[in-house]
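Visitor: coords below, sequence missing:
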């Protein structure tokens, strides 16, 4: 059941993405030849007006096929014949729908919470090595140049920048306090039961949840998730992460199912899947806007370049040229996805 729900949730996110393209295309009068849920051979088809609505047999993905999307067309309602700003909105609508869906799922995840932990210092142990530099009420703005959106970012950024000396920026009474080259090594502190534990010597603030705090915490988590995409790519290109850490649809569904199975109850399994779904939705939105051929971001760049060239030359470019570029990009992307899927299947079998 965990795998089934994970597959349905992931497919829903892809459907929402294509639905964004579909709605925007319809609003701007661009002809949609086919709008499909899932991939592969069709098991259901129905023609309504100019659009064929279908459901296909492989429960992953979907597509919104617009007239003349990658080729010339004399149809005045073809995608290339729409104004450039309309094409921009149509292409960005998929990512926008994913982003909005991710925010809604995170709101649903955080809604039952009674309290939130904020990245604001509540208490400072006087034995802390940097107790003279921080005060209760200080909000941690950034650490080593990275913004702190939620309290868990503090340990995350420290893990990415090993060492004892760090740069800390605080907000104190509405003013910024910059602490460079601060020694933030953990120390051994004695606990109430006589044991010792290694920690920093300060604690974060706990606040009661209400509508306003839930919205603020959700937005902070959303911004944190967007930043995680950049950090992940940065780690991949710098060698801190390997291709083995990259997951495709199979790996994502497997991870979602494992999260559900490791939850204490069906209720918490449902909540955890909502969070994972929100995290993936926001990731899909950001990744799709990267300027890579075959992705929406690459197509956005293509539309902007085409519009700029046509404005200068006063001549309309052949859409097939852009189509060829995206076609090559799609082939390379499919090869990469195939390799990642093969890796995910092997790992799933071993796991």
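Guide: Nice, thanks for sending it over. Note that this is a predicted model, so its numbers are computed, not measured.
Visitor: Ramachandran angles for residue 314?
Guide: Backbone torsions for residue 314, taken as degrees, to the nearest 10, come to phi 60, psi 20.
Visitor: hmm, I was thinking of residue 146
Guide: phi -100, psi 130.
Visitor: roughly how far apart are the nearest residue to it once chain neighbours are set aside and residue 40?
Guide: Distances taken as CB to CB, 6 or more residues apart in numbering place residue 157 nearest to residue 146, at 4.8 Å, with adjacent residues excluded. In this view, the C-beta of every residue, glycine as well, is placed from N, C-alpha and C. Distance, residue 157 to residue 40, using CB to CB, to the nearest Å: 43 Å.
Visitor: which residues in this structure form helices?
Guide: Along the chain, counting by DSSP state H, helices occupy 2-27, 84-110, 152-160, 211-238, 249-261, 266-288, 296-313, 319-350.
Visitor: Measure how the third one sits relative to helix 211-238, angle-wise.
Guide: Translated: helix 152-160. 10 degrees (axes from the mean of the first three to the mean of the last three CA atoms, to 10 degrees).
Visitor: Residues touching helix 152-160, excluding its own?
Guide: 119, 140, 143-144, 146-148, 166, 184, 224, 231, 235, 240 (CB atoms under 8 Å, 6 or more residues apart in numbering).
Visitor: Look up the pLDDT of the residue nearest to residue 146 for me, please.
Guide: As predicted, residue 157 sits at a pLDDT of 91.
Visitor: So which of residue 157 and residue 40 has more stuff around it?
Guide: residue 157 (19 against 12; other CB atoms under 10 Å).
Visitor: ok now stretch 4-14, how far from the chain's centre?
Guide: 16 Å (CA atoms, centre = their mean, to the nearest Å).
Visitor: list the buried ones in it?
Guide: 5-7, 9-11, 13-14 (16 or more other CB atoms under 10 Å).
Visitor: try stretch 157-169
Guide: For stretch 157-169, by 16+ other CB under 10 Å, it's 157-158, 166-169.
Visitor: and that stretch, how far apart are its ends?
Guide: 13 Å (CA to CA, to the nearest Å).
Visitor: pLDDT below threshold where in this structure?
Guide: Applying pLDDT under 70 to the chain picks out residues 1-3, 240-257, 259-260, 317-351.
Visitor: so residue 190 makes contact with residue 199?
Guide: No - the criterion here is CB atoms under 8 Å, and residue 190 misses it with residue 199 at 11.1 Å.
Visitor: neighbour count winner among those two?
Guide: residue 199 (14 against 10).
Visitor: if I pick that one, what's in contact with it?
Guide: Taking CB under 8 Å, 6+ apart, one finds 186-187, 189 in contact with residue 199.
Visitor: How about residue 38: what's its closest non-neighbour residue?
Guide: Counting by CB to CB, 6+ apart, the residue nearest residue 38 is residue 56, at 4.1 Å.
Visitor: still on that earlier bit, quick one: the buried residues of stretch 157-169 as CSV, columns for distance to residue 312 too.
Guide: Shown next, in CSV, are the buried residues of stretch 157-169 (distance: CB to CB, whole Å):
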residue, distance to residue 312
157, 45
158, 50
166, 49
167, 46
168, 49
169, 45
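Visitor: Determine which two of the residues you listed are furthest apart.
Guide: For those, the maximum inter-member distance is 14.5 Å, found between 158 and 169 (CB to CB).
Visitor: residues contacting residue 181?
Guide: Contacts of residue 181 (CB under 8 Å, 6+ apart): 165, 167.
Visitor: Distance check, it against residue 143.
Guide: Counting by CB to CB, the gap from residue 181 to residue 143 is 13 Å.
Visitor: Spell out which residues are contacts of both of these two.
Guide: In contact with both residue 181 and residue 143: residue 167, using CB under 8 Å, 6+ apart.
Visitor: about what we covered before: contacting residues for the residue nearest to residue 38?
Guide: Residue 56 neighbours (CB under 8 Å, 6+ apart): 36-43, 62.
Visitor: can I assume residue 87 is in contact with residue 81?
Guide: No - Residue 87 lies out of contact with residue 81 (CB under 8 Å); the separation is 9.6 Å.
Visitor: Give the burial count for the residue lying closest to residue 105 once chain neighbours are set aside, as a bare number.
Guide: Leaving aside its sequence neighbours, residue 105 sits nearest to residue 278 (CB to CB, 6+ apart; 3.4 Å). As a burial measure, residue 278 scores 25 neighbours (other CB under 10 Å).
Visitor: Tell me if I'm right that residue 278 and residue 103 touch.
Guide: Yes - using CB under 8 Å, residue 278 makes contact with residue 103 at a distance of 7.3 Å.
Visitor: one step back: what distance do you get for the residue nearest to residue 105 to residue 284?
Guide: 11 Å.
Visitor: Please name the residues that touch residue 187.
Guide: Counted by CB under 8 Å, 6+ apart, residue 187 has contacts 127-129, 198-201.
Visitor: ok, what's across the strand from it?
Guide: residue 199 (DSSP bridges).
Visitor: How about the contacts made by the spatially most central residue of the chain?
Guide: The centroid of the chain falls nearest to residue 283 when counting by CA atoms, centre = their mean (1.7 Å). By CB under 8 Å, 6+ apart, residue 283 lies in contact with 225, 228-229.
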